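K.L.:
my questions are about this predicted structure, shown below with the sequence.
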Amino acid sequence: MASLSLRNITKTYAGGFTAVKDFNLEIEDKEFIIFVGPSGCGKSTTLRMIAGLEEISEGELYIDDQLMNDVVPKDRDIAMVFQNYALYPHMTVFENMAFGLKLRKVPKDEIKRKVTEAAQILGIEHLLDRKPKALSGGQRQRVALGRAIVRNPKVFLMDEPLSNLDAKLRVQMRTEIGKLHKKLETTFIYVTHDQTEAMTMGSRIVVMKDGIIQQVDTPSNLYLYPCNVFVAGFIGSPQMNFINVTVDCKPEGTYLKSGDFSVKLPDGKGKKAEVQAYNGKEVLMGIRPEDLYDDEAFISTVPECTTEVDIGLTEMMGAETFLYFQIAGVDVTARVNPRTTAKHGDHIKIALDANKIHLFDKETENVII
Ligand code: ATP
């Protein structure tokens, strides 16, 4: 069992800089939770406070209802895997994995059993006699994981463990860490600045910015229902398009306008009191690239959600094609079917799926609908 409770946690470094502000989070036993956000947003600081490597300035950390603020790292029953693996170069893989157990005076045959078992889980039994310098990056990362596994900790903390690996290996290791989580049935807390990694690995994601939690949710809820402009722009690649528009509520429906551009909201959205309250005001409209269409079949069904654009660039990606153009003077990306005939210089119609439009308040940047 390992549930964690972070209550009003704040970290102010010696120089007076507050890296984490009033962080509140309940982590359930066996959860795979991800901290994601741009560089410097306080992810590692939070993880290090959980590990006990950084003092908590304010607030409380509980693990299984036990207050941990003043418990030293080695007594927290937590294992941490770092980005740089932190393996001892002069020791073999076996010795590296056994090191922590040896320090704890675990009997020799038990160490052997545990190391062999972990090596089997990770598929590195054949490497046990090698030194780290004779391993590939992926193998080193497995050894670092193995060293954590043998300790059988209550909680696994991982700080960007895959960032030193090449793109292909990173994708492979993502799946392996996911499988490892299922196999070990332990609580995992994983830090990354890579939103794709976050979206594919975690059961819940904590999005952070400037030391403050922006949203905590499942990957699909973060994608479909971002709570503010930051989350909307951070989650998803290519990122959501944003266009400044004015809300125009007419008896026949609600329109979003900017210059020649106009799109009618479906009544289910447009008649909402939240939207009507912005009548005559500017808001930020968000629409994801895949919610823009260039095919005639879709365009003909939504004449009031169609606009004309000049294609600047097209990028054929294989399973999809990206079209780049401007709407209302703003750069916009559409993700369309690769069979599109649109090419640079074409003047074409583009339709928006208005059901998928997000609106944000310009000042607070919070979602309206
Ligand atoms: P990255 O993805 O780059 O590792 P992060 O989100 O993990 O970033 P942290 O390492 O937690 O960010 O750092 C958060 C902020 O705290 C940064 O602005 C950083 O410069 C600052 N910081 C980190 N350690 C210290 C320290 N020992 N003293 C003062 N400021 C620090």
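P.N.:
Perfect, I can see it now. Numbers count the residues shown, from 1 in each chain.
K.L.:
which ones are touching E125?
P.N.:
116, 119 (C-beta atoms under 8 Å, 6 or more residues apart in numbering). Any C-beta I mention is one placed from the backbone N, CA and C, and that applies to glycine too.
K.L.:
report the separation between it and Q141.
P.N.:
16 Å (C-beta to C-beta, to the nearest Å).
K.L.:
likewise for N8?
P.N.:
As for N8, its distance to Q141 is 34 Å (criterion: C-beta to C-beta).
K.L.:
pick out whichever of these two has more residues nearby.
P.N.:
Comparing N8 with Q141 by other C-beta atoms under 10 Å, the one with more neighbours is Q141, at 25 against 12.
K.L.:
who touches the strand or helix carrying the more buried one?
P.N.:
Using DSSP states H and E, Q141 sits within helix 137-149. By C-beta under 8 Å, 6+ apart, the surrounding residues in contact with helix 137-149 are 79-82, 85-87, 93, 96-97, 99-100, 115, 118-119, 121-124, 127, 132, 135, 156, 161-162, 164-166, 169, 172-173, 177, 180, 184.
K.L.:
across the sheet, point out what pairs with F156.
P.N.:
Here F156 sits in beta bridges with A79, F188, going by DSSP bridges.
K.L.:
please renumber so the chain begins at 824
P.N.:
Sure, I'll start counting at 824 from here, so that last one is F979.
K.L.:
give me the neighbour count for it.
P.N.:
For F979, the tally of surrounding residues (other C-beta under 10 Å) stands at 25.
K.L.:
now do the same contact list for G1135.
P.N.:
Neighbour list for G1135: 1147-1149, 1167 [criterion: C-beta under 8 Å, 6+ apart].
K.L.:
at 6 Å what do you get?
P.N.:
1147-1148 (C-beta atoms under 6 Å, 6 or more residues apart in numbering).
K.L.:
could you pull out the strands for the stretch 874-1023 of the chain?
P.N.:
881-886, 889-890, 901-904, 978-982, 1010-1015 (DSSP state E, counting those that start in this stretch).
K.L.:
how about TSV for those strands, with distance to the ligand and mean pLDDT added?
P.N.:
Putting the strands of the stretch 874-1023 of the chain into TSV (distance: least, C-beta to the nearest ligand atom, whole Å; pLDDT from 0 to 100) gives the following:
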stretch	distance to the ligand	mean pLDDT
strand 881-886	15	98
strand 889-890	23	97
strand 901-904	13	93
strand 978-982	7	95
strand 1010-1015	6	97
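K.L.:
export these to CSV and append columns for distance to M1108.
P.N.:
Shown next, in CSV, are these (distance: least, C-beta to C-beta, whole Å):
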stretch, distance to M1108
strand 881-886, 38
strand 889-890, 47
strand 901-904, 41
strand 978-982, 37
strand 1010-1015, 29
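K.L.:
which of those sits closest to V1098?
P.N.:
Checking the strands of the stretch 874-1023 of the chain against V1098 by C-beta to C-beta gives strand 1010-1015 as the closest, at 35.1 Å.
K.L.:
give the other helices and strands that that closest one contacts.
P.N.:
strand 855-859, strand 978-982 (3 or more C-beta pairs under 6 Å, 6 or more residues apart in numbering; DSSP states H and E).
K.L.:
and with 10 Å instead?
P.N.:
Counting contacts by 3 or more C-beta pairs under 10 Å, 6 or more residues apart in numbering; DSSP states H and E, strand 1010-1015 packs against strand 841-850, strand 855-859, helix 866-874, strand 901-904, strand 978-982, helix 990-1007, helix 1018-1024, strand 1027-1032.
K.L.:
quick one, domains of this protein?
P.N.:
Domains of the chain are assigned by automatic domain parsing as 827-1057, 1064-1184.
K.L.:
can you say which of the ones you listed is packed in most?
P.N.:
Ranked by mean neighbour count under mean count of other C-beta atoms under 10 Å, the domains of the chain are led by domain 827-1057, which reaches a mean of 18.
K.L.:
next up, the contacts around the residue of the stretch 874-1023 of the chain at minimum distance from the ligand.
P.N.:
Proximity of the stretch 874-1023 of the chain to the ligand (C-beta to the nearest ligand atom) peaks at H1016, 4.5 Å away. By C-beta atoms under 10 Å, 6 or more residues apart in numbering, the contact set of H1016 is 858-864, 866-867, 983, 986, 1031, 1057.
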